[in-house]
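> Build the 3D model from these lines:
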Amino acid sequence: MELAEQLQDDIKIFQKRHNISRTVMIWCASTEIFLKAGAVHQTIQSFERGLKENDPAIAPSMIYAYAAIKAGIPYANGAPNLSADIPALMQLAKDRKVPICGKDYKTGQTLMKTLLSPGLKARMLGLNGWFSTNILGNRDGEVLDDPDAFKTKEESKLSVLEHILQPKLYPDLYSNYTHKVRINYYRPGGTIKKVG
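Numbering: from 1, shown residues only. Next up is the predicted model:
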């Protein structure tokens, strides 16, 4: 809870220092380790208790989202983390009438999937397999070299095709394809993001 309160104080100081009356918080840090919503994420009471007890199931992005929502600041998540996408914070945002949004910026392989797969579906072209890879030399690539952080990104990337292609509606075309996702950290690549 102490960290969340410090963030709320930082927000107020920032707003005052820069004479800002309207603020939006955007999470654009590296991907966090994979988490599923658990008991601590279900209600604001359990979440705040978890904050006080430093529960490891509360990720840094959730603390930022909580601080923003408590301060009445709209919050956008630019990573595939759970972040504000848990029942406790969604209800808090609804109760306080604070907009929240976002799952990922989708600038690489996920963007390509969201551009190409609707075209396949529109023409009712079946799919046998999809292999996608990113080669990252920047900090994002280094973070995603960790299997726990990669799992978060992988879950996000795997869900895109299922959402768009709707295999339950078109089982003959889209229920039995192989989908592989790879992200490779290659330090000499620097800040260039290569999508394949």
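> which residues does Pro188 contact?
Gly137 (C-beta atoms under 8 Å, 6 or more residues apart in numbering). Bear in mind the C-beta positions are built from the backbone N, C-alpha and C, glycine included.
> Show me what counts as buried in stretch 144-161.
Leu144, Ala149, Phe150, Lys151, Thr152, Lys153, Glu154, Ser156, Lys157, Leu158, Val160, Leu161 (16 or more other C-beta atoms under 10 Å).
> hmm, who's touching it?
30-35, 79-81, 103-104, 109-110, 113-114, 117, 127, 130, 132, 136, 143, 174, 177, 179, 181, 183, 185.
> Give me the average confidence score over the longest helix seen in the chain.
Across the chain, the longest stretch assigned as helix under DSSP state H is helix 147-165. Helix 147-165 shows a mean pLDDT of 85.
> Spatially central residue for the chain, please.
Among the residues of the chain, the one closest to the centroid is Pro80, at 2.1 Å (C-alpha atoms, centre = their mean).
> which SS class is Leu115?
helix (DSSP: H, G, I helix; E, B strand; the rest coil).
> Tell me the confidence at it?
For Leu115, pLDDT reads 90.
> check contacts around it.
Contacts of Leu115 (C-beta under 8 Å, 6+ apart): none.
> how close does it sit to Glu162?
Remark: distance between Leu115 and Glu162 (C-beta to C-beta, to the nearest Å) = 16 Å.
> can you check Asn77 too?
From Asn77 to Glu162 the distance is 20 Å (C-beta to C-beta).
> neighbour-wise, which of those two wins?
Asn77 (24 against 15; other C-beta atoms under 10 Å).
> dump the residue contacts of that one.
Asn77 touches Trp27, Ser61, Ala65, Ser83, Ala84, Asp85, Ile100, Cys101, Gly102, Lys103, Asp104, counting by C-beta under 8 Å, 6+ apart.
> again, only this time at 7 Å
Trp27, Ser61, Ser83, Ala84, Gly102, Lys103 (C-beta atoms under 7 Å, 6 or more residues apart in numbering).
> secondary structure class for the residue lying farthest from the centre of the chain?
The centre of the chain is farthest from one residue, Asp172, which by C-alpha atoms, centre = their mean lies 31.0 Å away. Per three-state DSSP, the local secondary structure of Asp172 is helix.
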